[in-house]
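S.K.: show me how the following folds:
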Amino acid sequence: MNAPRFVATVAGVGYLRPAPGTWGSLAALPMAALLHLIGGPWLLVIAIIAVFFEGIWATTQVTRWQDDHDPSYVVVDEVVGQWIALLPLSFGAWYVGASIFALWPGWIAAFVLFRLFDIFKPGPIGWADRRHTPLGVMLDDAIAGVFAAFFVVVLAVLFHVFFAI
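M.R.: Below you'll find the predicted structure:
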């Protein structure tokens with residue numbers, strides 16, 4: 001497997017069936033936890049930026065001369081989007097000095113919300129997807145991650161207000 005395909009498929013995760021995008025999002029979870037444990041939320045931010053641009057490069061390489069601008073085996077975009085959805089948890093755990101794993105309800109919310117936004121592509125997520133370019137491939141999942149992160153924060157606030165935790 002060449003380097004662009006390795007990156008685009010996240011070491012072959014994109015070939016798992018069914019639902020390779022969901023597998024890509026699942027693969028992102030332990031990677032995000034490891035990044036957080038090594039360097040906190042700032043390392044996760046750096047990784048998001050680096051992998052976003054690496055994903056554009058890899059997607060450009062693997063889709064060159066193809067009609068399909070976003071083949072299902074390209075899941076590096078799901079990793080970036082899922083990491084963005086997890087950022088509030090990483091910053092929250094870091095800020096209060098809690099274990100990232102103590103925020104497990106947030107992990108579930110971030111995963112489910114990201115997948116829903118990625119699948120249904122409302123508003124600007126769909127706009128980015130319709131660009132039919134490698135940038136669009138990466139951008140639609142990044143925007144879906146931002147939407148999911150926003151609602152993770154909303155749910156956390158509601159949970160803490162109503163349950164006074």
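S.K.: contacts, neighbours, all on C-alpha from now
M.R.: OK.
S.K.: can you tell me how far Trp83 sits from Gln61?
M.R.: Using CA to CA, to the nearest Å, Trp83 is found at 23 Å from Gln61.
S.K.: who has more neighbours, the two?
M.R.: Trp83 (30 against 15; other CA atoms under 10 Å).
S.K.: which ones are touching the more buried one?
M.R.: Trp83 makes contact with 28-29, 32, 44, 48, 145, according to CA atoms under 8 Å, 6 or more residues apart in numbering.
S.K.: can you pull out the helices in the protein?
M.R.: 3-8, 20-63, 76-96, 104-120, 124-129, 134-163 (DSSP state H).
S.K.: burial of the residue nearest to Ala33 when sequence neighbours are not counted, as a residue count?
M.R.: What sits nearest to Ala33 in space, not counting adjacent residues and going by CA to CA, 6 or more residues apart in numbering, is Ile100, at 7.3 Å. By other CA under 10 Å, the residues close to Ile100 number 19.
S.K.: try Pro4
M.R.: Pro4 has 19 nearby residues by other CA under 10 Å.
S.K.: then Arg17?
M.R.: What Arg17 shows, counting by other CA under 10 Å, is a neighbour count of 12.
S.K.: for it, phi and psi?
M.R.: Main-chain dihedrals, Arg17, degrees, to the nearest 10: phi -130, psi 150.
S.K.: gap between it and Phe150?
M.R.: 29 Å.
S.K.: please apply the same query to Asp118.
M.R.: For Asp118 relative to Phe150 (CA to CA), the value is 14 Å.
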